[in-house]
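Chemist: From the sequence below, what's the structure:
(chains A and B)
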Amino acid sequence: MTDIGDIRTLIARFAYLRDRERHDQWADHLVADDFTYRAVDDPLPGGGGSYQGRDEVLAHFRAAASDHWRATHFLSEPVIDVAGERAHAATDFALLRLRDSLPAAAVPGAGAAAAHADSADHRYSADHRYSADHRYSADHRYEVAAAGRYEDDFVRDADGRWRFAARLVTHLPLGASRQAGASQPAGTEHSLAAGSAHE
Amino acid sequence: MSDAQDVATVLARVAQAHGDHRDEEWIAQYTTETTIWGALAEGSRSVRALLGLASPAESHAVHFQSIPVIEIDGPVAHAWTDSFTVSLDPAGGFAITSVVRLEDELVRDGAGRWTFARRLPTPLLPPASPPAGRPAKVTGRQP
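Modeler: Predicted coordinates:
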């Protein structure tokens, strides 16, 4: 595979493992020892911050582990630039989750508790699974919890594999959504522009 | 094009054809004996019965898929993809009507074409206890 193909798969695999909370695997195989992670304007509690080094980043994600699949990151096609042994990628994302902020009684349609039981049961049975799932889905219990862009830096290690060196997560600032002409958060303008310092 | 790119294209083609209700097109991407949800679907009618039951809420829908994680092992490919569906909301606007993880196994036939041999969709649902005597998770190979 090409460098760009390898990096594209690396980005997808990181999202796959993170969403499934298999944190040890991405920490062991996908990131450099001095991997840094910074999140700006994360609307989720405890989501923001800056972390230095694989162990510190790993501890951050482990602390947020829920043991339940509640959300999935969807990624756009990344824009990848390779320069020798380093590379940079910009990837837009959206985090979709169950809309659990609504009390069950507020969900239109059939009773939520019955829908839980029916859907879970149909998931394991042989007939009409999609019908059951869509019946539940028609209640519109999904929402976009966050969206933004990943700015990733990569290094090619001695073994020839690409690994994450740094990730900057810039979220769409929910607080600015009501302000006309909301501007980007200070200090992140460069990361969203073409020809950024990450390249 | 590489095998991984070919497989990615098949995944995207099926998602689009499914959303457009081009049934014969997406069903043709499955082998004559495909395992879906752990059940063997023999023939296109069975595949349609297991995967093609669109609800009225999804009569107009677009299926978005994540960048797939694909592993090729000779004539067999495994792919892990996340998918969500945007549908027209009867009350107006759009609604996300499903979030699903897809685990796929594809095989390369004699003509070099990749087709589905196994598909395991797992919808994102609120946590619920599995029925007694059944596994808490239905999982296959992991990347």
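
Chemist: Which strands or helices does the host helix or strand of residue B:48 pack on?
Modeler: Using DSSP states H and E, residue B:48 sits within helix B:44-51. For helix B:44-51, the packing partners by 3 or more CB pairs under 8 Å, 6 or more residues apart in numbering or on different chains; DSSP states H and E come out as helix A:129-137, helix B:23-27, strand B:30-36, strand B:39-42. C-beta here means a position set from N, CA and C on the backbone, and glycine is covered the same way.

Chemist: any low-confidence regions in chain A?
Modeler: Residue ranges of chain A with pLDDT under 70: A:1, A:100-140, A:175-199.

Chemist: hey, which helix or strand in chain B has the poorest pLDDT?
Modeler: Every helix and strand in chain B was compared by mean pLDDT, DSSP states H and E; the lowest is helix B:44-51, with a mean of 75.

Chemist: who does the helix or strand following that one touch, helix- and strand-wise?
Modeler: Downstream of helix B:44-51, the next assigned helix or strand under DSSP H and E is strand B:61-65. Packing partners of strand B:61-65 (3+ CB pairs under 8 Å, 6+ apart): helix B:3-19, strand B:76-88.

Chemist: tell me the most buried of the ones you listed?
Modeler: The highest mean neighbour count among the helices and strands packed on strand B:61-65, using mean count of other CB atoms under 10 Å in any protein chain shown, belongs to strand B:76-88: a mean of 21.

Chemist: what distance separates that strand from the middle of the whole chain?
Modeler: The gap between where strand B:76-88 is centred and where its chain is centred comes out at 6 Å by CA atoms, centre = their mean, to the nearest Å.

Chemist: can you give me the angle that strand makes with helix B:3-19?
Modeler: Note on geometry: by axes from the mean of the first three to the mean of the last three CA atoms, to 10 degrees, strand B:76-88 and helix B:3-19 are set 30 degrees apart in direction.

Chemist: Can you classify residue A:61 by secondary structure?
Modeler: Secondary structure state of residue A:61, per DSSP: H, G, I helix; E, B strand; the rest coil, is helix.

Chemist: Next: the one 5 residues further on.
Modeler: With three-state DSSP as the basis, residue A:66 sits in coil.

Chemist: what does residue A:47 give?
Modeler: Per three-state DSSP, residue A:47 ends up coil.

Chemist: For it, give me its contacts.
Modeler: Residues near residue A:47 by CB atoms under 8 Å, 6 or more residues apart in numbering or on different chains: A:39, A:64, A:146.
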